[in-house]
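[1] quick one, what's the 3D model for this:
(one chain, ligands or ions: 4)
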Amino acid sequence: MSVTSNLALPLNADLHCHSAVSDGTLEPEALAARAHANGVQLWALTDHDEVGGQHRARQAALALGLPYLTGTEISVTFVDVTVHIVGLGFDADDAALQAGLAATRGGRRERAMDMSDGLAKVGIKGAFEGALQYVGNAELISRTHFARHLVESGVCRDTQEVFRKYLVEGKPGFVPHRWATLRNAVGWITGAGGMAVIAHPARYKFTANEEYALFSEFKAHGGRGVEVVTGSHSSADALRYADTAIEFDLLASRGSDFHSPGESHTDLGALPALPERLTPVWTALEDRIHRPS
Ligand code: AMP
Ligand code: MN
Ligand code: MN
Ligand code: MN
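    Ligands and ions are numbered 1, 2, ... in the order given. The predicted structure follows:
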């Protein structure tokens, strides 16, 4: 049987997760080991706006005999809503991609200081310094790090509660931010030889028209995939976006969005299969997969 037909069989692919290089808590090597132990057969580390962990993830995966695709998850602003675009199978050394990601990361520190000021106004002091204690990459301070600090310091019971009370739009620690454009994010990924994928579409609060615009423009810019089965989707969401994948002729992706053993409800590799009527993204990425020798 050829490799291509193997790839067409149900594969325990997990093409979305985070390390301490962005807002996960495990190092890339520990994630590779966890993915391997959980039976993942094709893995990608997709840190937010960052490819700094790619070399380590790939080395660790290949040493375990685990096929690897490069990955990232780019923050995008589309009609004033933050949308995430996953990139898979690109050249992580591509200069334009690296410059684009660096620019996207650029405003995070200032945003975090503004978030801290907002929290101070409701009596939560020193949140910036507190969040920094959880940051593994000085260029990548995220809301997740604030959430960990506010849980550990006893302000909230869990990270969900922190987001709900403090870190989403209209709450004291929320600071609007302008991320990359959809056109640029898709362009950086495809320009580096990779595939752009809309991450967890059910999470965005779009009207039907806005969502249609997102998918249409994404395709027009060269985007090719959509996450159907993800840790952020219910089974009803997966069915809904399976239809959307077919409607827009998009390949389907699958990823846990695992961040941390204590926080993430979906572990690496622990996802339902993609609906059979869909074509998985990895069937079109065969020549981009790094394989153990
Ligand atoms: P940022 O890029 O700094 O805006 O942070 C976004 C990250 O926050 C996401 O990638 C998730 O890891 C996390 N996040 C967003 N919303 C929630 C939520 N409701 N509960 C827990 N984590 C969340
Ligand atoms: Mn995250
Ligand atoms: Mn995301
Ligand atoms: Mn993610």
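[2] what about the residue nearest in space to the middle of the chain, distance to Ala196?
    Centroid check for the chain by CA atoms, centre = their mean gives Glu73 as the closest residue, at 4.1 Å. As judged by CB to CB, to the nearest Å, Glu73 and Ala196 stand 11 Å apart. C-betas here are computed from N, CA, C, even on glycine.
[3] all helices of the stretch 151-293 of the chain, in order?
    Counting by DSSP state H, counting those that start in this stretch, one finds helices in the stretch 151-293 of the chain at the ranges 159-162, 182-191, 208-220, 235-247.
[4] closest one to Val168 among these?
    Evaluated over the helices of the stretch 151-293 of the chain, closeness to Val168 peaks at helix 159-162, with 9.7 Å, by CB to CB.
[5] restricting to C-alpha, output that closest one in PDB.
    Extracted in PDB, the C-alpha atoms of helix 159-162 (Å, rounded to 0.1, in the frame of the first residue of the first chain):
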ATOM      1  CA  THR A 159      -9.300  29.900  34.000                       C
ATOM      2  CA  GLN A 160     -12.800  29.800  32.500                       C
ATOM      3  CA  GLU A 161     -14.000  32.000  35.400                       C
ATOM      4  CA  VAL A 162     -11.100  34.400  34.800                       C
END
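[6] pull the distance from that helix to the chain's centre.
    19 Å (CA atoms, centre = their mean, to the nearest Å).
[7] got a list of what Lys121 touches?
    Taking CB atoms under 8 Å, 6 or more residues apart in numbering, we find Lys121 in contact with Pro172.
[8] same check, this time on Val226
    Val226 neighbours (CB under 8 Å, 6+ apart): 197-198, 201, 215, 241, 244-245, 248, 250-253.
[9] now, which of those sits nearest Lys125?
    Using CB to CB, Pro201 comes nearest to Lys125 of the contacts of Val226, at 37.6 Å.
[10] need phi/psi at the spatially closest residue to Arg203 that is not a sequence neighbour.
    The shortest distance from Arg203 to any non-neighbouring residue, by CB to CB, 6 or more residues apart in numbering, is to Ser232 (5.3 Å). Here the main-chain torsion angles of Ser232 (degrees, to the nearest 10) amount to phi -90, psi 0.
[11] any idea of the pLDDT on Ser232?
    Note for Ser232: predicted pLDDT of 95.
[12] for the one 10 residues further on, same thing?
    At Ala242, the pLDDT value in this model is 98.
[13] please report how far the nearest residue to it once chain neighbours are set aside lies from Phe128.
    Nearest non-adjacent residue to Ala242, counting by CB to CB, 6+ apart: Pro275, 4.5 Å away. Per CB to CB, Pro275 is found 44 Å from Phe128.
[14] pretty sure Thr82 is in a strand, no?
    Yes - assessed with DSSP: H, G, I helix; E, B strand; the rest coil, Thr82 lies in a strand.
[15] I figured it hits Trp179, correct?
    Yes - look at Thr82 against Trp179 with CB atoms under 8 Å: they come within range, at 6.2 Å.
[16] these two: who's more crowded?
    Trp179 (21 against 15; other CB atoms under 10 Å).
[17] need the contact list for the residue lying closest to that one once chain neighbours are set aside.
    Of all residues not flanking Trp179 in the chain, Ser75 sits nearest, at 3.9 Å (CB to CB, 6+ apart). By CB under 8 Å, 6+ apart, the residues touching Ser75 are 48-49, 82, 84, 104, 179-180.
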